[in-house]
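> Need coordinates for the below:
(one chain, ligands or ions: 1)
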Amino acid sequence: MNTPLRVALLGLGTVGSGTFTVLRNNAAEIERRVGFPIEIKVVADLDTAKARQVAGPEVEVSANAFDVVTRDDIDVVIELIGGYTIAKQLVLAAIEAGKHVVTANKALLAVHGEEIFAAAARKNVMVAFEAAVAGGIPVIKSIKEGLAANQIEYVAGIINGTCNFILSEMRDKGLPFADVLAQAQALGYAEADPTFDIEGIDAAHKITLLSALAFGMPVQFDKAYVEGITKLTKDDITFAEELGYRVKLLGITRRTSEGVELRVHPTMIPAKRLIANVEGVMNAVLVKGNAVGPTLYYGAGAGSLPTASAVVADIIEIARMNAAPIECRTPVLAFRSEAAQAIPMLSIDQVVTAYYLRMQVADRPGVLAEVSTILAKHSISIAAMIQHQPSQEGASAQIVLLTQRCVEGEINQALAKIEALDSVLDKVVRIRVEDLS
Ligand code: HSE
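This next block holds a predicted model:
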């Protein structure tokens with residue numbers, strides 16, 4: 001009756017040690033929820049001295065995760081190592097051995113999810129990954145369970161805390177991107193190699209998973225459009241404010257009559273939206289369902305205990321469902337696997353959105369008319385405009401335009417013509433604008 005669920009914890013870094021702490025400190029409360037204890041049977045880490053320090057004298061420490069994942073006395077494998085190679089081999093070996101798997105590894109699931117979920121379905125085991133998206137925010141359980149009545153219309157999220165911290169500091173303190181990135185690295189927010197964060201790849205992994213969960217379709221990271229924040233300037237953030245907007249790195253996935261959009265890019269959002277006011281390293285995810293309307297989930301997107309909160313919630317779900325027949329469990333990807341649909345994925349050219357355009361132009365008569373004529377020929381309507389007086393006579397001027405919504409392919413054609421004008425002195429800066437109303 002009170003047989004414990006036996007778990008193996010692979011990787012005792014930030015999230016692994018947080019998971020150990022939460023399971024130990026909240027053990028009594030967790031048992032009241034589950035009905036039996038969750039026992040950490042073994043922890044595995046190459047650094048056994050560090051693992052021993054975290055785990056204390058009573059828990060077995062192993063340097064060989066491959067031995068651990070196939071052991072008969074393990075029910076659930078918690079993969080908190082990260083990366084694609086060893087982690088993938090361990091997860092597949094654990095599944096093959098009939099173990100349930102909990103992982104926080106968004107990169108692994110976004111890229112190799114189809115293979116991993118298919119293996120899990122064959123072996124009738126659960127793969128749970130709440131911690132892979134937005135750290136401690138239970139957005140995956142919200143989509144899988146709380147919003148299960150809905151057709152999801154879109155998901156839009158601030159799902160990379162490093163980028164949100166950088167954008168918040170650029171706006172608050174008027175600092176350039178490079179300075180704030182250095183600060184984020186010094187504070188330990190950004191990785192030593194911050195490419196996955198600032199180039200939008202981490203956010204794309206996460207929105208790819210949310211897209212599959214929201215719409216009941218395969219995990220398709222290769223279909224995501226990804227643009228990071230490295231080219232954003234103080235000028236753009238200031239102009240956005242002047243127009244009543246904030247710039248955020250958003251992961252967006254939306255179902256339209258033509259197909260599904262899947263994209264990550266800097267996005268201007270009206271400053272009055274709640275999500276526009278999410279600052280620093282915090283995350284927030286907006287999910288719109290056709291019955292519930294818009295819902296917003298906010299919290300810590302990273303960190304030891306917040307991420308552990310999500311990992312342990314998954315262990316608890318597995319503890320509750322372990323004995324249940326497969327058809328009684330919540331499906332791994334929210335929809336029954338046999339009901340997954342291959343919905344057409346839209347390319348970024350097919351996306352419909354509004355645009356902020358900033359251009360450096362010669363300050364002479366007729367320039368604005370040339371630009372607006374090209375936009376008009378592509379049926380692109382101007383919604384707002386800013387031009388400040390140049391600092392001195394004869395200097396070039398900056399024009400900032402906000403367009404109405406149009407197809408990205410049209411704006412691309414229009415921008416190619418605008419950039420070819422003699423009077424337009426540089427590449428046009430473009431930021432997509434989402435109303436999220
Ligand atoms: N690097 C991520 C972020 C944290 O900055 O949000 C873990 O997903």
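> State the mean pLDDT of stretch 390-405.
What stretch 390-405 shows for mean pLDDT is 90.
> Could you give me the buried positions within it?
With burial defined by 16 or more other C-beta atoms under 10 Å, the residues of stretch 390-405 counted as buried are Ser396, Ala397, Gln398, Ile399, Val400, Leu401, Leu402, Thr403. (C-beta placed from N, C-alpha, C; glycine too.)
> which residues of the stretch 51-200 of the chain fall in strands?
Along the stretch 51-200 of the chain, counting by DSSP state E, counting those that start in this stretch, strands occupy 60-62, 76-79, 100-103, 127-128, 152-158.
> Same question for the stretch 301-437 of the chain.
With strands called from DSSP E, counting those that start in this stretch, the stretch 301-437 of the chain shows them at 352-361, 382-387, 397-403, 406-407, 429-433.
> Tabulate the ones you listed (TSV), appending distance to Ser372.
Conversion of the strands of the stretch 301-437 of the chain to TSV gives the following (distance: least, C-beta to C-beta, whole Å):
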stretch	distance to Ser372
strand 352-361	11
strand 382-387	6
strand 397-403	8
strand 406-407	14
strand 429-433	16
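> Among the ones you listed, which comes closest to Glu191?
Comparing these by their distance to Glu191 (C-beta to C-beta), the top pick is strand 429-433, with 25.0 Å.
> buried sites along the closest one?
In terms of neighbour count (16+ other C-beta under 10 Å), strand 429-433 has its buried residues at Val429, Arg430, Ile431, Arg432, Val433.
> in its sheet, what does that strand sit against?
Sheet neighbours of strand 429-433, with direction, are listed as strand 260-270 (parallel), strand 352-361 (antiparallel) (DSSP bridges).
> Those strands: which one's closest to the ligand?
Distance to the ligand, taken as C-beta to the nearest ligand atom, is lowest for strand 260-270 among the strands paired with strand 429-433, at 12.4 Å.
> quick one: is whatever helix or strand comes next after the closest one near the ligand?
The element immediately downstream of strand 260-270 (helix or strand, assigned by DSSP states H and E) is strand 282-289. No: applying C-beta under 6 Å from any ligand atom, one finds strand 282-289 out of contact with the ligand, separated by at least 6.7 Å.
> Would you check which pair of the buried residues of stretch 390-405 lies furthest apart?
Farthest pair in the buried residues of stretch 390-405 (C-beta to C-beta) is Ser396 and Thr403. Separation: 21.9 Å.
> List the contacts of Ile418.
Under the criterion of C-beta atoms under 8 Å, 6 or more residues apart in numbering, the contact list for Ile418 reads Met359, Val371, Ile374, Leu375, Val424, Val428.
> Asp314 now?
For Asp314, counting by C-beta under 8 Å, 6+ apart, the contacting residues are Val102, Ala128, Phe129, Glu130, Ala131.
> and Glu31, what does it touch?
Taking C-beta under 8 Å, 6+ apart as the definition of contact, the neighbours of Glu31 are Pro37, Ile38.
> Tell me which helix or strand it sits in.
Take DSSP H and E as the rule and Glu31 turns out to sit in helix 27-34.
> which parts of the stretch 251-400 of the chain sit against the ligand?
Gly301, Ala302.
> Can you name the residue of the stretch 251-400 of the chain nearest to the ligand?
Among residues of the stretch 251-400 of the chain, the one nearest the ligand by C-beta to the nearest ligand atom turns out to be Ala302. It sits 3.7 Å away.
> What does the pLDDT read for that residue?
Per-residue confidence (pLDDT) for Ala302: 94.
> Of all the strands of the stretch 301-437 of the chain, which one is nearest Glu153?
Put simply, out of the strands of the stretch 301-437 of the chain the one that sits nearest Glu153 is strand 352-361, at 14.0 Å, with distance taken as C-beta to C-beta.
> What is the lowest-mean-pLDDT helix or strand in the chain packed up against?
For the chain, the helix or strand with the lowest mean confidence is helix 177-186, at a mean of 92 (criterion: mean pLDDT, DSSP states H and E). Helices and strands touching helix 177-186, as assessed by 3 or more C-beta pairs under 8 Å, 6 or more residues apart in numbering; DSSP states H and E, comprise helix 161-173.
> can you pull the pLDDT of Asn64?
Listed pLDDT for Asn64 reads 97.
> okay, now it: neighbour count?
Applying other C-beta atoms under 10 Å, we find 10 other residues in the vicinity of Asn64.
> Name the secondary structure element that contains the closest residue to Leu274 other than its chain neighbours.
Excluding the flanking residues, the one nearest Leu274 by C-beta to C-beta, 6 or more residues apart in numbering is Leu296, at 5.7 Å. Counting by DSSP H and E, the secondary-structure element that holds Leu296 is strand 293-300.
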